[in-house]
Every structure is written in structure tokens, then in C-alpha cells.
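> let's see this in three dimensions:
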Amino acid sequence: MFKKCLLLLLSGISLTAFAAEKYVVDQEHTFSNFEYKHWGLSLQRGRFDKNSGSIELDMDNKTGSLQIAIEADSINTGSDTFNKILRSENFFNVEKYPKISFQSNRMIFNEDRLAQVEGDLTIKDVTRKVTVDITQFECRFMILYLKRACGANGNTKILRSDYGVGRYVPFVSDEVTLSFSVEAIKE
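Next comes the predicted model:
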């Protein structure tokens, strides 16, 4: 224990840095992306530009929680016409279902690295369990904010028909890869 404390003090990190910490999602650096096969011709991509949420991490006990809210009408495919179609009743029906959400149930660590997040994904009031594989995870003091920050990238696959967004299946693939780029700043 003494060696750990000495190393932490020498590196300029306080002993409280590894107690349960709360973070707020940085909306400028957080995006939810999706990709799918379009009529078997190409892989298409888009994203949701407005994401918010919070993260709680206890690195000593390898536990935490994550909550992300995505504004469905912030969908961005690069095409205004296609964005309007996806916002319509035929797909996300953003007037009736303005939020997509993810709430973690469990964080799985491999030593000090977050490896997976299990939780509930809700789209159009349909909730299903998903596992997000974390491909990158890092926390450190950020000079830009003068605070500690954490960032992660991860992905999961879902069937869009499971969430009531299955129009044109099987011509447009049912399977969608969801990817998340999240940065959060300590409160």
C-alpha cells in the first residue's frame, strides 16, 4: 500500500483520484454512430450529434455506471432528405420518441482497463440488453479542462427490427453496428 501511495504522490495524482468519481459527458466530444449495409451495395454510416449523460467510476473496486441519452432528431447522415425520412414515423418517429437511451447494469474490467459495458438500450420505448465491447479506455488529467477526464470507444451490434425500426428489411440490413465515442469530464 505504501508503494502505491508513494507512486501516486510522485506522479502528482491525489489519493482520492481512484475513489468513486462522477463525470459529465462532454457533448462536444461524444457521438453515437451507426452503420449498416444498404441494399447489399455499400456500407452506410451516420451519427447522432446530440448526446448527454453521466459516468461514475470506482477504479479501486472496478465498478461504475454509465447513462447516455441521445436526441433522436439529431440524426445526421449527411443528407437532409434521408435525415427527414429517418426522423419520420416510418423509422425513429422522433416526435413521439425523442430520446434513445443506454443505461449500464455492469462494467467489466480487465485489470485497470474497462473491457465491456452491459446494459439496457432503449429505442422507441423498446428496451433490450446489449453488451458494448470497449476498444479504447483512458482517464487522465486534462490541461484543457484543468480536471480529470475519461474517454472510451466501443461498439455493439443490434437488429433494428427488435426496436421497431425495421422498415425495408431484408433489403436494407437488419443488423446495425452501433459505435460510441464518449468523453466525460470530472464534476
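
> so how far is residue 147 from the closest residue to residue 70 other than its chain neighbours?
Computed as C-beta to C-beta, 6 or more residues apart in numbering, the closest residue to residue 70 that is not its neighbour in sequence is residue 100, at 4.1 Å. For every residue, glycine as well, the C-beta is placed using N, CA and C. Distance, residue 100 to residue 147, using C-beta to C-beta, to the nearest Å: 28 Å.

> tell me the contacts of residue 106?
By C-beta atoms under 8 Å, 6 or more residues apart in numbering, the residues touching residue 106 are 117-119.

> what about residue 93, neighbour count?
Residue 93 has 16 neighbouring residues, counting by other C-beta atoms under 10 Å.

> for it, helix, strand, or coil?
coil (DSSP: H, G, I helix; E, B strand; the rest coil).

> and the closest residue to it other than its chain neighbours, how many neighbours?
Distances taken as C-beta to C-beta, 6+ apart place residue 124 nearest to residue 93, at 6.4 Å, with adjacent residues excluded. By other C-beta under 10 Å, 17 other residues sit near residue 124.

> isn't residue 124 up against residue 163?
Yes - in this structure residue 124 lies within contact range of residue 163 using C-beta atoms under 8 Å: 5.7 Å.

> who has more neighbours, residue 100 and residue 147?
Using other C-beta under 10 Å as the criterion, residue 100 and residue 147 rank with residue 100 on top: 23 against 12.

> circling back: relative to residue 89, how far out is the residue nearest to residue 70?
Distance of residue 100 to residue 89, computed by C-beta to C-beta: 16 Å.

> quick one: the helices in the chain?
Ranges of helices in the chain, per DSSP state H, are 2-10, 80-87.

> compare the mean pLDDT across those helices and name the weakest.
Mean pLDDT values for these show the minimum at helix 2-10, a mean of 44.

> low-confidence stretches in this protein?
For the chain, the stretches flagged by pLDDT under 70 are 1-19.

> repeat that with 50
2-17 (pLDDT under 50).

> need the residues that contact the longest strand anywhere in it.
Scanning the chain for the longest strand, with DSSP state E as the assignment, gives strand 126-142. By C-beta under 8 Å, 6+ apart, the surrounding residues in contact with strand 126-142 are 12-13, 57, 59, 102, 105, 113-121, 147-156, 158, 162-164, 180, 185.
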